[in-house]
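*Asks:* Sequence and computational prediction follow.
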Amino acid sequence: MALYSDKVMDHFQHPRNVGKLPDADGVGEVGNAKCGDIMRMYIQVDPETQVITDVKFNTFGCGSAIATSSMATEMIKGKPVSEALQLTNRAVVEALDGLPAHKLHCSVLAEEAVRAAIRDYYDRNSIPYGEELRACEGHCDTCGH
Amino acid sequence: MALYSDKVMDHFQHPRNVGKLPDADGVGEVGNAKCGDIMRMYIQVDPETQVITDVKFNTFGCGSAIATSSMATEMIKGKPVSEALQLTNRAVVEALDGLPAHKLHCSVLAEEAVRAAIRDYYDRNSIPYGEELRACEGHCDTCGH
Amino acid sequence: MKIYADNAATTRVSDTALAAMTPCFQEIYGNPSSLHTPGQRAAEKLAAARAIFARNLHADPREITFTSGGSEADNQALRTAAALGEKRGKRHIVSTKFEHHAVLHTLQALEREGFEVTLLDIPPDGVVTAEQVRDAIRPDTCLVSVMFANNEIGTIQPIAEIGAVCRQAGVLFHTDAVQAAGHLPIDVEAMQVDLLSLSAHKFHGPKGVGVLYARRSIPLATLIHGGAQERGKRGGTEDIPGICGAAAAFDEACATIEQNAAYLTPLRDRLIAGLTAIPHTALNGDSARRLPGNVNVCFEGIEGESLLLLLDEKGIAASSGSACTSGSLDPSHVLLALGRPHEVAHGSLRLSLSHENRPEEIDYILEVLPGIVSYLRGMSPVWDE
Amino acid sequence: MKIYADNAATTRVSDTALAAMTPCFQEIYGNPSSLHTPGQRAAEKLAAARAIFARNLHADPREITFTSGGSEADNQALRTAAALGEKRGKRHIVSTKFEHHAVLHTLQALEREGFEVTLLDIPPDGVVTAEQVRDAIRPDTCLVSVMFANNEIGTIQPIAEIGAVCRQAGVLFHTDAVQAAGHLPIDVEAMQVDLLSLSAHKFHGPKGVGVLYARRSIPLATLIHGGAQERGKRGGTEDIPGICGAAAAFDEACATIEQNAAYLTPLRDRLIAGLTAIPHTALNGDSARRLPGNVNVCFEGIEGESLLLLLDEKGIAASSGSACTSGSLDPSHVLLALGRPHEVAHGSLRLSLSHENRPEEIDYILEVLPGIVSYLRGMSPVWDE
Ligand SMILES: Cc1ncc(COP(=O)(O)O)c(C=O)c1O
Ligand SMILES: Cc1ncc(COP(=O)(O)O)c(C=O)c1O
Ligand code: FES
Ligand code: FES
């Protein structure tokens, strides 16, 4: 398939970390305004180290939505939340060897889901937001918030 | 060639009565307003019987102009002028097994040339015109007069 | 197993069509506008192809215009009726919400130019009624355009009835018969159709060849200006190989309509039965008044692209909605028009069969699909059994 | 002997082109808009073809739009520039009197819509100058359209010089390169061309495939509305076999431009010398700045169609003016623009050679032509030696 890179197809066909975490420390669900697709991300965080010890996702979406979810979970697993917050959709896309132009927005969904899960974790634990989590100002034109 | 019937091609390739009659009793030259083509017709008439004893033509024109000139000369040769005046372009077309629609006007040239030659013969011999030769009223939209 | 079940998107060129095309590439390659023998041989081919289309549509060869495909034919049909309407001060057009984009986008362009367009709602069974058309016609209506069979859900519209309504109202009637041509009998006289479009690659002819039928009294508006081809109404050197292949394919398709329908209908119905047995799965469009090869279902909780990719992995080529919208992210406008909610419309699957599909392929599709559906539902955050 | 000397009307599909097309009819027959493997294999073919055109024109693949032929490409180029002009209140277009009808008739349509068109006179050598263009450009000029090589008399226009004039004046420049593409080197960057049309069947590719090059910054106006194909600027399922054949033919033609020119130029010049040795015969257009395969002469006192029919009888396929006007009775607008009187323009003969023509064919043509000319002159009432 010329549409997607081999990496995308690999993560689509064998998605890592699919599923739910019933005892998650943070859950984030985001919807994509462009296409209506939905992603839910669960994270488990070590309260001492602030490291993301486990992560799972559920996605209702296209091939690249599934692949970017999968890749994003791999990229944040074992990382401190502060580092996970640095994850950009661009980094996910690069890790997947690219996406077709009209599919770039799908990767935003993954970035958003990670941030939403962390935000939920912060909320539950009354941790104040840092710079990276300040409210969306709605000017990036991708997430639809 | 699908463009022209076999008859047309025969008369085009082997035109009958091509040439000039230096001692013609009547000469008619007509031009086709639609395409600029020109036909000249020579007739020799027996003064006793009013029969066209010889006819020749010269044509600067398309394949169907040459074929219709040729067919027209065949159709009037040996006929009394009065009968030759009855020759219609439609009769010439039929004798040629038809012409493509956008080439029908070429056959008008042949009819016109015959009439012009007879008119010239009448003029030279001060024979009054009959009904068939009354002035063109310019409403047939084909000869360009 | 490799299964091509996307015949509504495009079809394989038939042996018959290919045989008709082959001599036109290197032997009879003249320009049909040329006077010489090579040109006239091409002109004869062109005339023969035109006659084939005319005969099978019950039309006159002079009513057949060759175009570069169904889209161009649709565009030219609509532009023609609009130009005639304009002249008589009639600037209202009736069409439907589930037309192909070749029609809908042309109508949008006409709206920008001052036309008013009424798009009929689609009843839940996917079949527009002649009454709906009659009720929508106004004194200033210049055109009704209703497709013969829908390209996504395959439902067949009551063309003859709509034709009668339009004729009675004195309004031109165009039908986009791109999905119907070669698959359903067409008689432009009996059906009182004034303008009709078709496309060869939907019935095992080549891509890039369409036909616009226009009743003799209708002066076509020119979309592509140029030479004197197609009676001066469509410039451009004619694609003789394509046109010959298209005609051969159409002749063959029309001769085998009944036979193919008899073969395909049970296969289609077996697919429908098998798929709708999967929980929370609904057939889109009437189960009987549909093209013999068309199956279209919605699986709740599933997104179409993932489904297609997983099917493709299993060797099954299918589609979700129409091919030409796959570059876009919107759910099918056809399914939305049919009343499916946004997220359900997203989970549609179209399987479109041709006589080249084998019964074993149906078995295989029914074998693998349920597993894929539950796999995706299992991954879906919107799905709770 | 059978001689095809009408390569400006259309050409024989090359073996290379046919080999590129063949697998696309029955093997790689998917719709390139489809997500599945058969569709994506077609999409890869499409992308490869686009890259071939881009490379040979020194353009970017995103600047290449496939159309149904040269005529559609011309129409879309002109409509694009006109739409942009309209937006900026610029409604003046500069073109020439000897453009192809695909350009001239589109310009007439634009005139009816309120545009003003200046058609440059054609100098006796058939070569328009950059000065003429510069003098004609006004502050409200939105487009200059000058053909690369004329289709009847084969004269080559100073495209790079005209491009420079247009760029300096900030006016879009379109060139109809249908006769030039594959026969002369083209570099849209170096020549400062903004829009360019070409047609595959003029360089041994298939009929029904054209290309519109449009510089990246230029938003195309849509002629055929429909699906999302060609970046949404040209609806309709792509003719993959045709496009692949076109690309293969273009690649081959561009690689052999010099070689073919070296082969054809002496043949052409021998024909010109031989024909102009017939009394009262004149070459049309400059003898050097013309396509390597183009010969066009006027024989006084002779009408073109009869000449062609007699040549055809001898096995020689030639033309008088362009093929696409053969349904019309008017003498060539190109020869009239060149200053030939009506009756002389009527007696024109175009012989257009390709690398497939053999030297013996030139001998044969020169053997039979004088006889035919004197035969027809002998029959002509307007001829007196
Ligand atoms: C100069 C020129 N422009 C445009 C065209 C039109 O090309 P097509 O016949 O592919 O539409 C032709 C040839 O027919 C041509 O010679
Ligand atoms: C109903 C309908 N109309 C029009 C078209 C456009 O046809 P084409 O792709 O030949 O332009 C299609 C298919 O693509 C179709 O299914
Ligand atoms: S199209 Fe919706 S996430 Fe990709
Ligand atoms: S075209 Fe002039 S007489 Fe036939």
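*Replies:* Yep, that arrived. Ligands and ions are numbered 1, 2, ... in the order given.
*Asks:* Quick one: name the residues of the stretch 201-350 of chain C near chain A.
*Replies:* Applying the criterion CB under 8 Å from any CB of the partner chain, the portion of the stretch 201-350 of chain C that neighbours chain A consists of C:301-306, C:309-310, C:312-313, C:327-331, C:342-343, C:346. C-betas here are computed from N, CA, C, even on glycine.
*Asks:* Among those, the buried ones, what's the ChimeraX command?
*Replies:* The following ChimeraX selection, which keeps only the buried ones among those, applies the criterion 16 or more other CB atoms under 10 Å in any protein chain shown:
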select /C:301,302,303,304,305,306,309,310,312,313,328,329,331,343,346
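*Asks:* In helices only, show me the residues of the stretch 201-350 of chain C next to chain A.
*Replies:* C:Gly304, C:Glu305, C:Ser306, C:Leu309, C:Leu310, C:Asp312, C:Glu313, C:His342, C:Glu343 (DSSP state H).
*Asks:* where's the first one relative to ligand 1, distance?
*Replies:* Just to be clear, that refers to C:Gly304. Going from C:Gly304 to ligand 1 by CB to the nearest ligand atom, to the nearest Å gives 38 Å.
*Asks:* What is the neighbour count of C:Ala17?
*Replies:* For C:Ala17, the count of nearby residues is 31 (other CB atoms under 10 Å in any protein chain shown).
*Asks:* So which other helices or strands are in contact with whichever strand or helix holds it?
*Replies:* Using DSSP states H and E, C:Ala17 falls within helix C:15-21. Here helix C:15-21 is seen to pack against helix C:240-255, helix D:23-26 when contacts are counted using 3 or more CB pairs under 8 Å, 6 or more residues apart in numbering or on different chains; DSSP states H and E.
*Asks:* where do the strands sit along the chain?
*Replies:* No chain in the question, so chain A it is. The residue ranges that make up the strands of chain A, judged by DSSP state E, are A:26-31, A:38-45, A:52-60.
*Asks:* To clarify, I was referring to chain C.
*Replies:* When secondary structure is read from DSSP E, chain C shows strands at C:3-4, C:64-67, C:92-96, C:116-120, C:141-145, C:172-176, C:195-199, C:210-214, C:281-283, C:294-299, C:316-317, C:348-352.
*Asks:* Briefly note if the third one comes near ligand 2.
*Replies:* No. Using CB under 6 Å from any ligand atom as the criterion, no contacts between strand C:92-96 and ligand 2 are found, and the smallest distance is 11.5 Å.
*Asks:* Starting from that strand, tell me which strands it pairs with and how they run.
*Replies:* Within its sheet, and counting by DSSP bridges, strand C:92-96 is paired with strand C:116-120 (parallel), strand C:141-145 (parallel).
*Asks:* Single out the most deeply packed of those.
*Replies:* Relative to the other members of these, strand C:141-145 carries the highest mean neighbour count by mean count of other CB atoms under 10 Å in any protein chain shown, namely a mean of 25.
*Asks:* Work out the gap between the helix holding C:Ala17 and the centre of the chain.
*Replies:* 22 Å (CA atoms, centre = their mean, to the nearest Å).
*Asks:* So which helix or strand of chain C has the lowest pLDDT on average?
*Replies:* Comparing helices and strands within chain C by mean pLDDT, DSSP states H and E singles out helix C:342-345 as the least confident, with a mean of 84.
*Asks:* touching ligand 3 at all, that helix?
*Replies:* No. Helix C:342-345 lies apart from ligand 3 when judged by CB under 6 Å from any ligand atom; the minimum separation is 11.4 Å.
*Asks:* which other residues reach that helix?
*Replies:* A:Gly36, A:Phe60, C:Ala282, C:Cys298, C:Glu300, C:Pro331, C:Ser332, C:Leu335, C:Leu336, C:Val382 (CB atoms under 8 Å, 6 or more residues apart in numbering or on different chains).
*Asks:* same for ligand 1: which of these are within range?
*Replies:* Counting by CB under 6 Å from any ligand atom, no member of those is near ligand 1.
*Asks:* which among those gets closest to D:His174?
*Replies:* Proximity of the contacts of helix C:342-345 to D:His174, judged by CB to CB, is greatest for C:Ser332, which lies at 37.9 Å.
*Asks:* Looks like the closest one contacts C:Ser348 (just checking).
*Replies:* Yes. Using CB atoms under 8 Å, C:Ser332 is in contact with C:Ser348, at 6.1 Å.
*Asks:* now the strands paired with strand C:92-96 as a markdown table including mean pLDDT?
*Replies:* Shown next, in a markdown table, are those (pLDDT from 0 to 100):
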| stretch | mean pLDDT |
| --- | --- |
| strand C:116-120 | 98 |
| strand C:141-145 | 98 |
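*Asks:* can you put those in CSV and add distance to C:Gly274?
*Replies:* What follows is the strands paired with strand C:92-96, written out as CSV (distance: least, CB to CB, whole Å):
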stretch, distance to C:Gly274
strand C:116-120, 33
strand C:141-145, 35
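*Asks:* which residues touch C:Glu72?
*Replies:* C:Gly210, C:Leu212, C:Leu223, C:Ile224, D:Ser68, D:Ile224, D:Gly236.
*Asks:* and the gap between the fourth one and A:Asp123?
*Replies:* The one in question is C:Ile224. 61 Å (CB to CB, to the nearest Å).
*Asks:* Surely A:Leu133 touches A:Arg115?
*Replies:* Yes. Counting by CB under 8 Å, A:Leu133 does reach A:Arg115; the two are 6.7 Å apart.
*Asks:* joint contacts of these two?
*Replies:* Counting by CB under 8 Å, 6+ apart, the residues touching both A:Leu133 and A:Arg115 are A:Leu85.
*Asks:* Settle it for me: which of these two has more neighbours?
*Replies:* In this view A:Leu133 and A:Arg115 are compared by other CB under 10 Å, and A:Arg115 has more residues nearby, 20 against 16.
*Asks:* for chain A, what are the low-confidence residue spans?
*Replies:* Counting by pLDDT under 70, chain A contains low-confidence ranges at A:1-2, A:33-34, A:134-145.
*Asks:* In space, not sequence, find me the middle residue of it.
*Replies:* Of all residues in chain A, the one closest to the mean position by CA atoms, centre = their mean is A:Ala110, 3.1 Å from it.
*Asks:* Run the contact check for the longest helix along chain A versus ligand 3.
*Replies:* When every helix of chain A is counted residue by residue (DSSP H), the longest turns out to be helix A:104-124. Yes. Using CB under 6 Å from any ligand atom, helix A:104-124 reaches ligand 3 at A:Cys106, A:Leu109.
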